[in-house]
Each structure stands twice: as structure tokens, then as C-alpha cells.
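>>> Just need the structure, nothing else, for what follows:
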Amino acid sequence: MHNMEDCSRFRLLDISWLTASMEVGRPVDPEKYHLVGGKHPAASSSQPVDASALGTAIVSQYACQRRTTLNNYNTKFTDAFEVLAENYELRGNDGPCLAFRRAASVLKFLPFTIVRVNDTEGLPWMRDQVKTIIEDIIEDGESSRVTAVLNNENYRSIKLFTSVFGVGLKTSEKWYRMGLRTLEEVKSNKDLKLTRMQRAGLLHYEDLLSYVSKEEADSASLFVKESVQKFSPSALVTLTGGFRRGKTTGHDVDFLITVPGSRQEEEVLHLVIDFWKKQGLLLYYDLIESTFEKTKLPSRKVDAFDHFQKCFIILKLHKGKVDHGSSIISVASAEEEKKDWKAIRVDLVVSPFEQYAFALLGWSGSRQFERDLRRYATHEKKMVLDNHALYDKTKKLFLNAASEEEIFAHLGLDYIEPWERNA
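This next block holds a predicted model:
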């Protein structure tokens with residue numbers, strides 16, 4: 001063994017140096033890959049850093065190979081990209097929408113702030129239209145394209161309408177073509193036939209539009225767990241979505257429910273819903289029965305909705321009562337009680353225990369992380385992944401997994417914690 005006492009003669013390189021060298025079949029210039037204090041120089045320097053110094057091999061095109069926390073150093077760019085992506089999505093133009101979402105995802109990962117366009121060199125998904133927006137914001141403080149979208153009447157109206165629970169893009173476009181521009185015009189229009197979900201969405205619009213706080217999510221979590229375990233003591237109830245990824249606010253609260261070693265998951269949701277109905281806590285609910293068939297292959301659609309039993313709920317959550325789940329139950333009539341409660345959106349999803357790990361991974365998000373995870377499985381591993389299973393097309397068999405870690409292992413990926421999936 002070599003004498004390593006004099007460490008000053010050695011310089012530590014990032015593992016991406018080895019990857020880059022293997023790709024070209026020879027050792028590459030190590031200058032770009034030096035680590036400072038165990039970290040890449042780009043992550044430790046406060047000076048402007050050319051992204052090419054990261055080495056192209058260090059920034060994967062897949063979000064599932066990037067550890068993305070909530071520390072976003074490029075908010076002014078990613079916010080602009082999100083506006084443009086949303087505008088394209090509302091217009092049904094998926095290509096540009098995905099392009100800006102991918103670019104935003106890469107910038108959220110970076111451990112430094114972009115200060116010049118050259119900083120994006122070597123990064124994936126930095127196409128010309130993306131660089132143009134970045135350049136405009138750097139030079140002028142804003143992008144004229146983004147400003148034009150924000151001032152566009154069609155965008156503002158469609159965005160307003162789709163913010164109503166139960167209102168999708170087709171309905172929003174229909175209302176816009178009818179000349180409607182505000183929610184008051186929607187409410188007063190006698191020709192509209194609103195669904196039960198849309199009526200509930202309009203009735204509780206102000207509450208549902210406001211963010212759900214972490215405290216409110218914790219209160220709902222305690223209440224949901226107590227309610228479910230009242231009927232099935234061995235049930236697992238897991239908070240998923242953005243709150244599982246470490247967010248402090250959200251638009252709704254998602255829960256995954258499973259019952260190990262039992263088939264009770266098929267009836268527990270019915271029992272819980274009936275219990276809440278009797279307590280007057282359900283302002284709206286839509287229970288969808290499972291269409292899951294174990295024999296079917298995972299869906300090849302990247303954004304395929306799963307087939308588990310689920311319930312979309314507007315729950316009455318009383319304010320300031322978070323000590324015990326039962327304490328948010330109200331026996332007063334709607335006429336008698338004061339507005340000491342808030343309507344919040346809650347989604348309950350029930351999966352068989354065998355599919356629990358896949359469902360947990362899928363419902364934890366983020367959206368771009370999940371898209372890239374499935375895309376990686378398909379393109380890099382010849383596998384099909386969805387919220388139900390992982391199927392190896394080469395071996396022609398399903399790969400079992402009891403945890404998220406096992407799914408990552410099947411895919412040959414380093415495990416990424418939920419709080420690092422904010423892509």
C-alpha cells in the first residue's frame with residue numbers, strides 16, 4: 001500500500017471524471033472535476049461559475065438522477081419558465097410545455113445562481129428559446145414573452161377558471177368562448193349546468209384557493225390516521241405529495257392507505273367516508289372504486305393515472321384544534337356554527353400492500369421527477385414503471401419491491417430521498 005501521509009500532493013476528483021474518461025476511452029483533463037473540501041468547486045464558490053465547469057457528465061438529463069431540494073437559486077428564471085409552460089399546457093401544446101418544464105427542473109438543481117447565459121453551457125435541455133428567456137431576464141430584469149402571457153386575457157381567464165375545483169381545460173375554454181371572464185359571471189349565468197364537483201369548488205373557492213399550511217396538513221394527517229385506524233388498526237396511512245417532499249405549503253393533502261396482511265383495504269375507505277358523513281365533515285366527496293387488475297402490464301403512458309381505489313374530498317377542518325383528530329369533529333348545524341373552520345382538499349388513495357412501494361413512489365412526486373423516472377426506466381433499462389408495478393421487458397417478468405429503495409435498486413439508480421425529488 002502506498003504511503004498516504006503527505007496528502008497535499010493529491011487532489012480529489014469528482015466521480016464524474018471517471019465517467020467522462022470512460023466515455024471517451026482515455027483520461028480527460030481533470031481541471032474541471034477537482035473537488036474543494038469534498039465538494040465540487042461550483043457548489044462552494046460564491047463567484048459566477050460557468051456551468052461547463054460542472055462537466056456535462058455531472059448533470060443528467062433525467063431528474064431522477066439529480067438531487068433537487070427546495071433550495072432554488074434560480075427562482076427568477078424558473079418562475080418565468082413555469083408561466084410559459086403553463087400557458088402552453090392551457091393551449092394544449094405539450095412540446096414547448098415540456099421543454100420549459102425540463103429547463104426549469106435543471107435550473108432548480110443547480111447549486112449556484114445563473115448570472116450569464118454562458119453559465120448554462122453543458123447543461124441538458126438548454127435550448128435556444130430557453131437561453132433567450134434567460135438572456136432577457138439577465139439584461140432587462142424580465143422577459144417580454146412572459147409579460148405578454150401574464151397580460152393576455154385568454155391566459156388570465158383560463159387560469160382563473162381552471163383554479164376552480166372540478167373545472168378542467170375544456171370547460172374553461174367553453175366558458176371563455178361564451179364570453180365569460182370572471183367567476184361572478186359564471187355563478188350568475190343561468191345557462192350553465194355545473195357538475196356537483198364544480199358547484200362545491202365555487203362554493204368553497206376562497207378556502208381552496210388559499211394554501212394549506214404545514215400545521216393544517218399535520219392536523220389533517222392526525223385526523224385521517226385516527227379515522228382509518230378506528231376501523232383497521234393495522235392500516236398504514238402515509239402523507240404523500242409535496243408535504244412528504246418537505247414543502248411547508250400546498251394546495252391539497254394526499255394520503256396513501258394500505259393494510260398489511262389483509263384485504264380490508266377494499267372496505268376501509270367506505271367505512272371512513274360513512275363515519276365522516278355522519279359527523280358532518282364532508283363538504284364534498286367523490287369515491288372512485290378500484291379498477292386495478294394485477295395481471296395487466298404497467299401502463300406505457302408517462303402520466304397514466306393509476307387504477308387504485310381513491311376518494312377526492314373537500315374536508316371541513318376546524319381551525320386551531322390540532323391536538324386530537326377527533327377534536328375537529330363538529331356536531332353543530334351549518335346554520336348554528338360560526339366560520340371557525342376551513343375547507344381543504346384531501347385525496348385518499350388505497351393500494352394493496354404488494355403495490356404499496358410503487359404507489360408511494362408515484363404519489364410522492366414531483367411531477368417532473370416521476371416523468372423522468374418512468375422515461376429513464378423505459379429508455380435506459382427497457383422496463384415499464386407505473387404506480388402499480390415495475391416490469392422488465394427483457395426478462396419478461398415483474399420485479400417485486402417492498403420499498404422505494406428496492407425500486408431504485410432494480411433500476412440501477414442511487415436512492416433519492418423524498419426531499420431531494422423537488423424537480
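>>> List the residue ranges of the stretch 301-423 of the chain that fall below the pLDDT cut-off.
Within the stretch 301-423 of the chain, the stretches with pLDDT under 70 are 301-305, 320-337.
>>> Let's see that with 50 instead.
Flagging of the stretch 301-423 of the chain using pLDDT under 50 yields the residue ranges 302, 321-336.
>>> what does the chain give?
In the chain, residues with pLDDT under 50: 1-10, 35-53, 55-57, 302, 321-336.
>>> Kindly provide the distance from the residue most central in space within the chain to residue 105.
Nearest to the geometric centre of the chain sits residue 366, at 2.4 Å (C-alpha atoms, centre = their mean). When distance is defined by C-beta to C-beta, to the nearest Å, residue 366 is 8 Å away from residue 105. (Each C-beta comes from the backbone N, C-alpha and C, glycine too.)
>>> now swap in residue 368 and tell me
Distance from residue 368 to residue 105, by C-beta to C-beta: 5 Å.
>>> Comparing these two, which residue is more hemmed in?
Higher neighbour count among residue 368 and residue 105: residue 105, with 25 against 22, using other C-beta atoms under 10 Å.
>>> which SSE is that one in?
Per DSSP states H and E, residue 105 falls inside helix 94-109.
>>> so what secondary structure elements neighbour that helix?
helix 75-90, helix 128-140, helix 367-381 (3 or more C-beta pairs under 8 Å, 6 or more residues apart in numbering; DSSP states H and E).
>>> quick one: contacts of the shortest one?
Meaning helix 128-140. 76-77, 80-81, 84, 96, 99-100, 103, 114-117, 120, 142-146 (C-beta atoms under 8 Å, 6 or more residues apart in numbering).
>>> Then the last one?
When contacts are defined by C-beta under 8 Å, 6+ apart, helix 367-381 is touched by residues 62-65, 68, 101-102, 104-105, 300, 302-303, 361-362, 383-386, 390, 392, 411-413, 421-423.
>>> which of the residues in the helix or strand just after that helix are buried?
Following helix 367-381 in sequence order, the next helix or strand is strand 383-385 (DSSP H and E). Neighbour-count burial for strand 383-385, counted by 16 or more other C-beta atoms under 10 Å, picks out 383, 384, 385.
>>> Same check on stretch 173-185?
173, 175, 176, 180, 181, 183.
>>> of these, closest to residue 271?
Distance to residue 271, by C-beta to C-beta, is smallest for residue 183 among the buried residues of stretch 173-185, at 36.0 Å.
>>> Do I have it right that that closest one meets residue 164?
Yes: if you go by C-beta atoms under 8 Å, residue 183 and residue 164 touch, sitting 7.1 Å apart.
>>> Would you mind listing the residues touching both of those two?
Counting by C-beta under 8 Å, 6+ apart, the common neighbours of residue 183 and residue 164 are 202, 205.
>>> neighbours around the residue nearest to residue 163 when sequence neighbours are not counted, how many?
Nearest residue to residue 163, sequence neighbours excluded (C-beta to C-beta, 6 or more residues apart in numbering): residue 209, at 6.3 Å. Residues lying near residue 209 (other C-beta under 10 Å) number 12.
>>> what's the answer for residue 27, then?
11.
>>> do you know how far it is from residue 122?
Distance of residue 27 to residue 122, computed by C-beta to C-beta: 19 Å.
>>> May I see the buried residues of the helix holding residue 105?
96-109.
>>> Distance to residue 352 for the residues you listed - can I get that in TSV?
TSV is the format used below for the buried residues of helix 94-109 (distance: C-beta to C-beta, whole Å):
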residue	distance to residue 352
96	39
97	34
98	32
99	37
100	37
101	32
102	33
103	38
104	35
105	32
106	36
107	39
108	34
109	34
